[in-house]
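Participant: Let me see the structure of the following:
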Amino acid sequence: MEKGPNIFLAWLSAHRLTAAAGLFCALLGVLIFWLYGLPGEAIVYLIGLCLVGIAFFGALSFLRFWRKHKTLCTMEEGILMAAESLPDTTTAIEEDYQRLVQRLLRENRQLHAKIDGSMEDLTTYYTLWVHQIKTPIAAMDLLLQAKEEDTSALEVELQRISQYVDMVLQYLRLDSETRDLDLQRCQLDAVIRQTVRKYAKLFILKKIRLTFQETHLEVLSDEKWLAFLLEQVLSNALKYTPAGGEIRIFQDPEETLVIADTGIGIAPEDLPRIFDKGFTGQNGRQSAQNATGLGLYLCQRLCRRLDIGLAAQSSPEGTTMTLTFRVNDFIHQVQGD
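Facilitator: The predicted model follows:
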């Protein structure tokens, strides 16, 4: 902002046309008085009146200009102040500028609110994530201290850490403005087999039986995101299915993929909230798995992006997750081999 003598120069620059018009009128009056041969005292009196008038109205104009300048200087120090604090307008152009400034202030507030919300979400997520990843690290530490020859349990815990790291990366990608979806036809059975192979050691370690009935479906989706979605659902089933249990993967009805387990189930009062961010539910809090409520939350967000319906049913005998591929035009039954 302008300070000191520069304020006066800025005021002169803003009112140069008005000042030039006033000076022209004064000189014209003096010329008329002189041409009519009026006494010199009258001309001097006229000049004096013009100077007094110019000084008086110029002082008022400069005072108003200085007050606006001071208000804007104050706003510069706190740019997010209320738009109502702007100085009063005197011309249509100033009203246009004020409307523009008010709109910019509103958009600025909205942007700051969005940034604050994103930062809060990230802080919450990373707090939960750090809490979750401590469990496999502690388990690996105990296994290393035991110095057991069988490394299967250690490999499982290492896989859990890898899964949690993937969750962070996918969470950040979901929150990014760029949409990196690469939609193409992919064989659903191939993606399911890839996911099952990833957790094969955990199936063996917990002695969980897997029943997989091929769907022969070809879907239009992003294969990497679809694989991540299936990994989260299957990982959740494995987490809450006790040793000796069973997980079934099959198609029912035509466009729905079902992943059913014989785990501990979900309490009826918790079922409506299982996709909420950070919600763990009664069984999640009591389980030794240290649930954080992030997996199903990410699944829900991802399903919305991929236009896949996600639903859950549960009872004390287990939980059933269903994924419904809604875009019928891009789903068809693959001819059997």
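
Participant: Counting by contacts, list what the helix or strand encompassing Lys224 packs against.
Facilitator: Element membership for Lys224, per DSSP states H and E: helix 223-240. On a contact count with 3 or more Cβ pairs under 8 Å, 6 or more residues apart in numbering; DSSP states H and E, helix 223-240 meets helix 152-175, strand 184-187, helix 188-198, helix 200-206, strand 246-251, strand 256-261, helix 295-306, strand 318-325. Every residue, glycine included, has its C-beta placed from N, CA and C.

Participant: Let's see that with 6 Å instead.
Facilitator: Under the contact criterion of 3 or more Cβ pairs under 6 Å, 6 or more residues apart in numbering; DSSP states H and E, helix 223-240 touches helix 188-198, strand 256-261, helix 295-306.

Participant: partners of the shortest one, with directions?
Facilitator: Yep, that's strand 256-261 we're talking about. Take DSSP bridges as the rule and strand 256-261 pairs in its sheet with strand 246-251 (antiparallel), strand 318-325 (antiparallel).

Participant: quick one: that strand to helix 188-198, angle?
Facilitator: Angle of strand 256-261 versus helix 188-198, following axes from the mean of the first three to the mean of the last three Cα atoms, to 10 degrees, is 20 degrees.

Participant: by how many degrees do strand 256-261 and helix 223-240 diverge?
Facilitator: 30 degrees.

Participant: who touches strand 256-261?
Facilitator: Applying Cβ atoms under 6 Å, 6 or more residues apart in numbering, the contact partners of strand 256-261 are 233, 237, 241, 247-250, 252, 318-324.

Participant: and what of the longest one?
Facilitator: Outside of helix 295-306, the residues within contact range by Cβ under 6 Å, 6+ apart are Leu174, Ser221, Trp225, Leu229, Gln232, Asn236, Ile274, Phe275, Lys277, Leu310.

Participant: Need the CA coordinates for that helix. CSV is fine.
Facilitator: The C-alpha atoms that make up helix 295-306 are tabulated as CSV, following Å, rounded to 0.1, in the frame of the first residue of the first chain:
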residue,chain,number,x,y,z
GLY,A,295,-10.5,-50.9,5.2
LEU,A,296,-14.3,-50.9,4.6
TYR,A,297,-14.3,-47.1,4.5
LEU,A,298,-11.8,-47.2,1.6
CYS,A,299,-13.8,-50.0,-0.1
GLN,A,300,-17.0,-47.9,0.0
ARG,A,301,-15.2,-44.8,-1.5
LEU,A,302,-13.6,-47.0,-4.2
CYS,A,303,-16.9,-48.7,-5.0
ARG,A,304,-18.5,-45.3,-5.6
ARG,A,305,-15.7,-44.4,-8.0
LEU,A,306,-16.0,-47.7,-9.9
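
Participant: that older thread, of all the strands paired with strand 256-261, which lies closest to Pro268?
Facilitator: strand 318-325 (12.0 Å; Cβ to Cβ).

Participant: returning to that earlier point: now which of the contacts of strand 256-261 would you call buried?
Facilitator: Among these, the ones that count as buried by 16 or more other Cβ atoms under 10 Å are Val233, Ala237, Thr241, Ile247, Arg248, Ile249, Gly318, Thr319, Thr320, Met321, Thr322, Leu323.

Participant: what number of residues lie near the residue nearest to the second one when sequence neighbours are not counted?
Facilitator: Same thing as Ala237. Leaving aside its chain neighbours, Ala237 sits nearest to Asp261 (4.1 Å; criterion: Cβ to Cβ, 6 or more residues apart in numbering). Residues within reach of Asp261, counting by other Cβ atoms under 10 Å, total 27.
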